[in-house]
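Engineer: Would you be able to build a 3D model of this:
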Amino acid sequence: MGPKPKGPKNDYRERTYRRLVVEKGLVSFQVQVKETDLLIQSRKDLRETAYQAVLRYRRQLEAYIQDHPDFFHSLTPVPGDDFAPPLVKEMLRASKAARVGPMAAVAGAMAEFVGRDLLRESPEVIVENGGDLFIRSARELKVAIFAGPSPLSLRVGLKISEAAEGLGICTSSGTVGPSLSFGKADAACLLSSSAALADAAATAVGNVVKSPGDLAAGLETAQRIEGVTGVVLIIGEKMGAWGRVELLELQPGNP
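Structural biologist: All right, here's what the predicted structure looks like:
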């Protein structure tokens, strides 16, 4: 749970990531605890419920990291743990499937676990955590893809016809934000029914794409990760996609 960008960089992220998906008819509110900074949309203001959920899951995660420092530092999967809290178990499972370190799944996992808690009080929930999304909605949605300096950034989006059972949409970038990536993709956007897996897989796929010529290899990597349902890769002016994705052309300033 690394350092959160501060100052102008963080302001810039809020002007971009926080416009990824805005749904009419839902109440929007923000919950922040240390590095965890969530923008949530639901049928009603569940700020206090979300805040308590963030505190609970952060306590579980921080306690586990204290006792298992390899979980925090490793860039490769670590052994499973039957006694770990559910959020940690999901991160371990996602890490193993994507062949990356467990912390590569943290933003997606936190978004989904908080979001599923809120489903007890709202049938629709959208949780954004640093550009990673957990969505539970029966309505059709548009999700913009932020790709930093690419001319395709916020000009390409996804049409989500249904996410009634829950959907994770997570993006890794080698050119934007504080997250560790060994690649140069402006956006590696992954879809999965598990937001933790989408997050971990985005890191794994993003690591592969170091030039436009690596798009095919990145798509192949995504296809090999069990549980991934779709991928969109953007690097500069080039883009590739695979799986259950429906691309949209978006107008500037109106994702």
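Engineer: contacts, neighbours, all on C-alpha from now
Structural biologist: Will do.
Engineer: List the buried residues of stretch 149-158.
Structural biologist: Within stretch 149-158, the residues that count as buried by 16 or more other C-alpha atoms under 10 Å are Ser150, Leu152, Ser153, Leu154, Arg155, Val156, Gly157, Leu158.
Engineer: a strand runs through the last one, doesn't it?
Structural biologist: It refers to Leu158. Yes: Leu158: assigned to a strand according to DSSP: H, G, I helix; E, B strand; the rest coil.
Engineer: which residues of this protein fall in strands?
Structural biologist: 27-33, 36-42, 125-129, 132-137, 141-144, 156-160, 163-172, 187-192, 228-235, 238-243, 247-249 (DSSP state E).
Engineer: okay, these, which one's buried deepest?
Structural biologist: Greatest average neighbour count among those goes to strand 187-192 (a mean of 30), per mean count of other C-alpha atoms under 10 Å.
Engineer: what residues does it touch?
Structural biologist: The contact list for strand 187-192, computed with C-alpha atoms under 8 Å, 6 or more residues apart in numbering, reads 145-148, 167-174, 198-199, 201-203, 205-206, 222, 227-235.
Engineer: 6 Å instead?
Structural biologist: By C-alpha atoms under 6 Å, 6 or more residues apart in numbering, the surrounding residues in contact with strand 187-192 are 147, 168-173, 198, 202, 206, 228-234.
Engineer: Likewise for stretch 220-227?
Structural biologist: Ala98.
Engineer: Now it - C-alpha only, PDB.
Structural biologist: Taking Å, rounded to 0.1, in the frame of the first residue of the first chain, the C-alpha atoms of stretch 220-227 are listed here in PDB:
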ATOM      1  CA  GLU A 220      -1.700 -13.500 -25.500                       C
ATOM      2  CA  THR A 221      -0.600 -13.100 -21.900                       C
ATOM      3  CA  ALA A 222      -4.100 -11.900 -20.900                       C
ATOM      4  CA  GLN A 223      -5.700 -14.900 -22.600                       C
ATOM      5  CA  ARG A 224      -3.500 -17.300 -20.600                       C
ATOM      6  CA  ILE A 225      -4.700 -16.000 -17.200                       C
ATOM      7  CA  GLU A 226      -7.700 -18.000 -16.100                       C
ATOM      8  CA  GLY A 227     -10.600 -15.800 -15.100                       C
END
